[in-house]
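K.L.:
I would like to see how this sequence folds:
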Amino acid sequence: MATGIEHVLPVLGRMRKAEHTLDLSEVARAVALSPTHAQRVVRTLTGESPDRYQRRLRLERGAALLLSTDDTVLDIAVAVGFDSHEVFTRAFHRHYGVSPTGYRRRTPGRLNVDQARLIDDIGPCIGVLPAAVRPTSTPSAPRPGGTSNHSEHTMSYSIERSELTETPVLFIRSRADKSAVAEVLGQSLPTVYGHVMEAGLAMAGPPYVRYLDQSPAFVTLEAGIPLVDTPPAPPADGDIIAGALPGGTAATTVHTGPYETIGAGHEAIDRWMAAEGESSGGAPWEIYVTDPADVPDPEDWQTRIVWPLA
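P.N.:
Predicted coordinates:
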């Protein structure tokens, strides 16, 4: 990861928690960059300007409160840093296409505390992940008789046999050049997340990417969000698809460290399957547990690898 981006990650954490809007000069001072360079780095990392990034987080936090509490719109507006009911309502309507009251009324259900907290956890990193998850090559999925090329990573992996419950998801499927995976994720994940937020759906966990097929040059992948309940049909004119991550028995492990070395986790599962006499039962997926804005050191990032067993 580029040094400039790594230095900006703690600033995004500050922007996430700030009680007032951090202007560009504050961001620039925090990372010892010029305002112009700071803006460029933040936009590269998040896909948004610093102002837009922080405004979105506040509106998402407001949406979570609308769906998880009975607080008045005025109380929520003040709680998320807006000066008045009117300013919050106008900004909310521009972002979601409906007033706060209308949003609360039209959503299919209420969120519990944990589901609301997921919005606070996922929102800050949904645009950051594609920049953070920028592999030099797509991780080699374990296949019977095959290994990855990442054995230089010396982390010790604990492989578990887990029983999974089928989980509803919304995702976008793409076939991408391996060199363009980050760019594809940079479009897919925010698009799916934006739809989930607009529809007021309850998320079941962090974003995931599932690798369906690979060739030497290309990879077919699904990037999406797991949900608590089966969602309404997504818009027919878009790329978002409703589906499910399969239930059943799976081999799982947690990779700790930068994404560039995650192939070692796949290799560990591959070797475990060979030793246990198991075979694969479908395409694997990765769940991005860590919020890079909260944990700026890539050595501490955690990614859960899930491989269905036959």
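K.L.:
which secondary element of the protein has the worst mean pLDDT?
P.N.:
For the chain, using mean pLDDT, DSSP states H and E, the weakest element among its helices and strands is helix 3-17, scoring a mean of 61.
K.L.:
ok, Pro50 touching Val42?
P.N.:
Yes: using Cβ atoms under 8 Å, Pro50 makes contact with Val42 at a distance of 4.9 Å. Quick note: C-beta positions are derived from backbone N, CA and C, even for glycine.
K.L.:
Please say which of these two ends up with more neighbours.
P.N.:
Using other Cβ atoms under 10 Å, the more surrounded residue of Pro50 and Val42 is Val42, with 28 against 25.
K.L.:
Kindly provide the distance from that one to Ser49.
P.N.:
As for Val42, its distance to Ser49 is 7 Å (criterion: Cβ to Cβ, to the nearest Å).
K.L.:
for Gly238, same thing?
P.N.:
As judged by Cβ to Cβ, Gly238 and Ser49 stand 25 Å apart.
K.L.:
Same question for Gly277.
P.N.:
From Gly277 over to Ser49 the distance is 54 Å, taken as Cβ to Cβ.
K.L.:
okay, the two: which has more neighbours?
P.N.:
Relative neighbour count places Ser49 above the other of Gly277 and Ser49, with 13 against 6, counting by other Cβ under 10 Å.
K.L.:
Spatially nearest residue to the more buried one (excluding sequence neighbours)?
P.N.:
When the adjacent residues along the chain are set aside, Ser49 lies closest to Arg43, with 5.8 Å between them (Cβ to Cβ, 6 or more residues apart in numbering).
K.L.:
ok, that neighbour - how many residues close by?
P.N.:
Around Arg43 there are 15 other residues, counting by other Cβ under 10 Å.
K.L.:
ok so it is a helix residue?
P.N.:
Yes: when the secondary structure is assigned by DSSP: H, G, I helix; E, B strand; the rest coil, Arg43 falls within a helix.
K.L.:
Pretty sure it sits against His37.
P.N.:
No: look at Arg43 against His37 with Cβ under 8 Å: they stay out of range, at 10.8 Å.
K.L.:
Tell me where the model's unsure across the stretch 151-300 of the chain.
P.N.:
Counting by pLDDT under 70, the low-confidence segments of the stretch 151-300 of the chain come to 151-154, 293.
K.L.:
any idea where the strands of it begin and end?
P.N.:
In the stretch 151-300 of the chain, the strands defined using DSSP state E, counting those that start in this stretch lie at 160-164, 167-177, 208-214, 218-226, 241-245, 248-256, 285-288.
K.L.:
what about Ile241, distance to Leu212?
P.N.:
According to Cβ to Cβ, Ile241 stands 12 Å off from Leu212.
K.L.:
Name the residues contacting each of the two.
P.N.:
Arg173 (Cβ atoms under 8 Å, 6 or more residues apart in numbering).
K.L.:
Buried residues in stretch 93-111, which are they?
P.N.:
Of the residues in stretch 93-111, those buried under the neighbour-count criterion (16 or more other Cβ atoms under 10 Å) are His95, Tyr96, Val98, Pro100, Tyr103, Arg104, Thr107, Leu111.
K.L.:
and the last one, which of the three is it?
P.N.:
Which is Leu111. Three states are possible here, and by three-state DSSP the one that applies to Leu111 is coil.
K.L.:
just the third one next, same as before
P.N.:
Taken by three-state DSSP, the conformation at Val98 corresponds to coil.
K.L.:
Can you check the pLDDT for the closest residue to it other than its chain neighbours?
P.N.:
On the basis of Cβ to Cβ, 6+ apart, the spatially nearest residue to Val98 that is not a chain neighbour turns out to be Arg106, at 6.8 Å. Confidence at Arg106, expressed as pLDDT, is 84.
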